[in-house]
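**Student:** Just need the structure, nothing else, for what follows:
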Amino acid sequence: MGKVTSLVHSDRTDIGRRRSSNQDAKAVLTASPSEFRARGWLFVVADGMGAHAAGELASAMAADRVPRIYENRSEYSPPLALRLSLEQVNKEIHAKGESGDRKSTRLNSSHANISYAV
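**Tutor:** All right, here's what the predicted structure looks like:
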């Protein structure tokens, strides 16, 4: 394994040709040099499903919650912590969509890319 302990990254999204707003959300969970070796950096891109009224809310929830939960699951290996994070956020998004709140009806998001770099 190399001795790299930092990364340079950039991000960009596009609304595409059919939508008037961008339903994508993204997050980067950085790590200190010592944390990097053990946990890496976490990159999240959540794609709000355009056919669903609350796609932007679902993708925002995913991009906000997955890194937080991952960070709080440091007792687990990175792959297991990531899986547990995704499972919990999926339940939260589903519960929000089932809550009866009109703004949350048809709440859906797909995780286009979630990766960690070690």
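
**Student:** pLDDT below threshold where in the protein?
**Tutor:** 1-6, 19-20, 49-53, 100-118 (pLDDT under 70).

**Student:** Dead centre of it: give me the residue that sits there.
**Tutor:** residue 63 (3.4 Å; C-alpha atoms, centre = their mean).

**Student:** Correct me if wrong: it contacts residue 23.
**Tutor:** No. Contact between residue 63 and residue 23 fails when scored by C-beta atoms under 8 Å: they sit 11.1 Å apart. Bear in mind the C-beta positions are built from the backbone N, C-alpha and C, glycine included.

**Student:** For this structure, which segments count as helices?
**Tutor:** 33-39, 55-72, 78-97 (DSSP state H).

**Student:** Tabulate those helices in JSON lines, adding columns for distance to residue 45.
**Tutor:** Listed next are those as JSON lines, based on distance: least, C-beta to C-beta, whole Å:
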{"stretch": "helix 33-39", "distance to residue 45": "19"}
{"stretch": "helix 55-72", "distance to residue 45": "8"}
{"stretch": "helix 78-97", "distance to residue 45": "13"}
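
**Student:** tell me the most buried of these?
**Tutor:** helix 55-72 (a mean of 21; mean count of other C-beta atoms under 10 Å).
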